[in-house]
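**Student:** Here is the input, now give the coordinates:
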Amino acid sequence: MSVYTTVGRSELADWLRPLGLGELLEHAGIAAGMQNSNYFVTTASGRYVLTLFEHIDAAALDFYLALMDHLAVRGIPCPQPLADHAGRRWRTLAGKPAALLSCLPGAPLDAPAAVDCEKLGEMLARLHLAAADFSDPLPNPCGAAWRARVGAWLLPQVAPAERELLADELAFQAAQDYSALPQGVIHADLFRDNVLWAPDGRLSGVLDFYFAGADAWLFDLAVVANDWCFTDATLAALLAGYAGQRPLTPAEMAAWPAMRRAAALRFWLLRLEVRHRPRAGEVVTIKDPDDFARLLQRFRLADAASPR
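**Tutor:** Presented below is the predicted three-dimensional model:
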């Protein structure tokens, strides 16, 4: 949710007009995230989030917005895109595809407790099940093929110590076969800053579906575990919450250590790619790839315990 594309007040007001939301009162850039340009937009009808998509093609954008609408209708607290009278969920603004979405209440948690992780696990399983009947999903854009391709590009770019770790992990993951695990649409980026919580402790929002796609459900659970769970208690709570809605299969339990490594590798690669192939922007958030290198090393040195 960085700002790469600047939007002027008058062009935004013109763009908003077909949505019938009344006068534009203010808009302000959101300086968080990495991929798209985001603004808070306030009109006479309320507050919304405007997203300008920097590198997403039309087919993928149609998928992401239709998925959010599908989930919102089924009770998942995610942003719902607003459509104009012609049914269009996105139109061009400042030379980029843009969509206006509902703005959800709440704020992220920096230090989630076990009870929060249990609620999140339950919500993640509900999301997976709610999207199970979504037709013709696109594949995970950062799935196994992406990891192999970007990893190969990065090998000559990184320092020798990183190169050794990266080459060995790429070889390990190439030998894994996750295709028989339960599959469906996954969020794929459910970090702490993409989940909102109300003051009463209720999980009030799941944000940023722009890495979503079809993949093993277990991969999604591993992404969440790697970012949210700092103790055995929080990990156990996450897994219990998830299993209460969708119990894991024996094959998933056996694949858990390797999948946590795959999830750590995916975000290490993403952040390394940003470091070595930076993008210009007015407000750009750069996240440290070394966090995931250390996590990956920890998993490699002592396999993550299988979920119980």
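**Student:** C-alpha only now, for contacts and for neighbours.
**Tutor:** Noted.
**Student:** quick one: stretch 4-21 to chain centroid distance?
**Tutor:** 26 Å (CA atoms, centre = their mean, to the nearest Å).
**Student:** Provide a list of residue ranges in this protein with pLDDT below threshold.
**Tutor:** Counting by pLDDT under 70, the chain has low-confidence residues at 1-2, 32-34, 279-286, 303-308.
**Student:** biggest helix in it, by residue count?
**Tutor:** Longest helix of the chain, by residue count under DSSP state H: helix 250-276.
**Student:** Residues touching the helix or strand following that one, excluding its own?
**Tutor:** Going down the chain from helix 250-276, the next helix or strand is helix 290-301, by DSSP states H and E. Contacting residues not belonging to helix 290-301 are listed as 257, 260-261, 264-265, 267-268 [CA atoms under 8 Å, 6 or more residues apart in numbering].
**Student:** So which bits of helix 290-301 are buried?
**Tutor:** By neighbour count with 16 or more other CA atoms under 10 Å, helix 290-301 contains the buried residues 292-293, 295-297, 299-300.
**Student:** Repeat that for stretch 46-65.
**Tutor:** Buried residues in stretch 46-65, counted by 16+ other CA under 10 Å: 47-54, 56, 60-61, 63-65.
**Student:** Identify the residues contacting that stretch?
**Tutor:** Under CA under 8 Å, 6+ apart, the answer for stretch 46-65 is 4-5, 35-42, 80-81, 89, 93, 96-103, 137-138, 209-210, 212.
**Student:** Let's see which of these end up in strands.
**Tutor:** 37-42, 93, 96-102 (DSSP state E).
**Student:** Contacts only, for residue 94.
**Tutor:** Residue 94 touches 5-7, 11, counting by CA under 8 Å, 6+ apart.
**Student:** run the last query once more with 10 Å
**Tutor:** Applying CA atoms under 10 Å, 6 or more residues apart in numbering to residue 94 gives the contacts 5-8, 11-12, 15, 52.
**Student:** try residue 127
**Tutor:** Neighbouring residues of residue 127 by CA under 10 Å, 6+ apart: 71-72, 74-78, 121, 185-187, 206.
**Student:** Residue 177 too?
**Tutor:** Residues near residue 177 by CA under 10 Å, 6+ apart: 144, 255.
**Student:** Three-state assignment for it, please.
**Tutor:** On the three-state scheme (DSSP: H, G, I helix; E, B strand; the rest coil), residue 177 is labelled coil.
**Student:** Next, it: phi, psi?
**Tutor:** Backbone geometry at residue 177, expressed as degrees, to the nearest 10, gives phi -130, psi 110.
**Student:** which of the residues in stretch 254-269 are buried?
**Tutor:** 255-269.
**Student:** er, stretch 193-212 actually
**Tutor:** Neighbour-count burial for stretch 193-212 [16+ other CA under 10 Å]: 193-197, 203-212.
**Student:** Pull the distance from it to the chain's centre.
**Tutor:** 11 Å.
**Student:** Can you give me the distance of residue 260 to residue 219?
**Tutor:** According to CA to CA, to the nearest Å, residue 260 stands 7 Å off from residue 219.
**Student:** and for those two, which residues touch both?
**Tutor:** With CA under 10 Å, 6+ apart as the test, residue 260 and residue 219 both reach residue 225.
**Student:** quick revisit: save the contacts of residue 94 as a markdown table, and put in secondary structure too.
**Tutor:** Output for those, formatted as a markdown table (three-state DSSP):
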| residue | secondary structure |
| --- | --- |
| 5 | coil |
| 6 | coil |
| 7 | coil |
| 8 | coil |
| 11 | helix |
| 12 | helix |
| 15 | helix |
| 52 | strand |
